[in-house]
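**Q** No letters, just coordinates:
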């Protein structure tokens, strides 16, 4: 992880002398990098012997933000490619081709918002045995916290359902994925997890307590809370009592592993030929 931090420092240095402190009000390259790796995590596909991850990325920027990075776009592209490669290596992901990154301007995006479309592709060469088919790509829209609340340096958040509709995006989908089953987290919550049938998410695992944990909505996000379970709750392999969770995080209850997913579900292309912004 030290290598990723080193790359982040280099990305930070790209803007020094170009925008200085004023850049803090714009999208920072590190925010783009973290949005990109979140999409890698969410788009990964597991085969018999390997975990494949997206390797083709399109970064959607507002007109103002696109102009802001134009002075160092080529350098940023190279840094993002190295960031994606290092993240894949750290996670044990297999990339079918070296990562590709491109930038496009989207008129529908506001200043301080950006999107990342992540595709998994084998390119034009021969495909290795067992490799998954190419994916069409899922786009997620991010918003810098300062764009939404006026704060500085607070990281990146998913766009709200209201803004998603304004962009022509259908809705925000939040779910807990266990094996091949998805448990939607709709409404205000909280949602309890446990072995008892009274829970919102029932896990038939003898190592899971009757009321094991619960997921709650918090300001701009979600929280996982252990309910005094016998075997504890793990977040990315570490035991927790109560922690904020992000899309792509791995949760373990007893011997059952789940993945927390939070994404924007986009409408398909319209019959009239109009483009829907969301899926590539």
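**A** Thanks, I have it. Bear in mind that the values here come from a model prediction, so they are computed numbers and not experimental data.
**Q** now for the biggest strand by length in the chain, which elements pack on it?
**A** Ranked by number of residues, the top strand in the chain under DSSP state E is strand 256-265. Contacts defined by 3 or more Cβ pairs under 8 Å, 6 or more residues apart in numbering; DSSP states H and E place strand 256-265 against strand 138-144, strand 156-158, strand 171-178, strand 221-226, strand 250-253. All C-beta atoms are positioned from the backbone trio N, CA, C, and that covers glycine.
**Q** ok, 6 Å please
**A** The contact analysis (3 or more Cβ pairs under 6 Å, 6 or more residues apart in numbering; DSSP states H and E) places strand 256-265 against strand 138-144, strand 171-178.
**Q** Dump the ones you listed to CSV, plus distance to residue 69 and mean neighbour count.
**A** Formatted as CSV, the helices and strands packed on strand 256-265 follow (distance: least, Cβ to Cβ, whole Å; neighbours: other Cβ atoms under 10 Å):
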stretch, distance to residue 69, mean neighbour count
strand 138-144, 14, 24
strand 171-178, 27, 18
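**Q** Comparing those by mean pLDDT, which bottoms out?
**A** Note on the helices and strands packed on strand 256-265: lowest mean pLDDT is at strand 138-144, with a mean of 78.
**Q** Report the secondary structure state of the residue most central in space within the chain.
**A** Centroid check for the chain by Cα atoms, centre = their mean gives residue 38 as the closest residue, at 3.1 Å. Assigned with DSSP: H, G, I helix; E, B strand; the rest coil, residue 38 falls in the helix class.
**Q** so what's it up against?
**A** Applying Cβ atoms under 6 Å, 6 or more residues apart in numbering to residue 38 gives the contacts 247-248.
**Q** quick one on the thing from earlier: TSV please, covering the helices and strands packed on strand 256-265 and showing distance to residue 94.
**A** What follows is those, written out as TSV (distance: least, Cβ to Cβ, whole Å):
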stretch	distance to residue 94
strand 138-144	19
strand 171-178	21
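**Q** how about those, which one is nearest residue 42?
**A** strand 138-144 (7.2 Å; Cβ to Cβ).
**Q** which other helices and strands contact the closest one?
**A** strand 113-119, strand 256-265.
**Q** now it: how far from the chain's centre is it?
**A** 8 Å (Cα atoms, centre = their mean, to the nearest Å).
**Q** Please identify the helix or strand for residue 64.
**A** According to DSSP states H and E, residue 64 maps onto helix 63-69.
**Q** residues of that helix that come out buried?
**A** For helix 63-69, burial by neighbour count (16 or more other Cβ atoms under 10 Å) applies to 65-66, 68-69.
**Q** For the helix or strand where residue 77 lies, buried residues please.
**A** Counting by DSSP H and E, the element that carries residue 77 is helix 73-91. Across helix 73-91, burial judged by 16+ other Cβ under 10 Å covers 76-77, 79-88.
**Q** Over to stretch 233-248?
**A** Buried, per 16+ other Cβ under 10 Å, within stretch 233-248: 233-235, 240, 243, 245-248.
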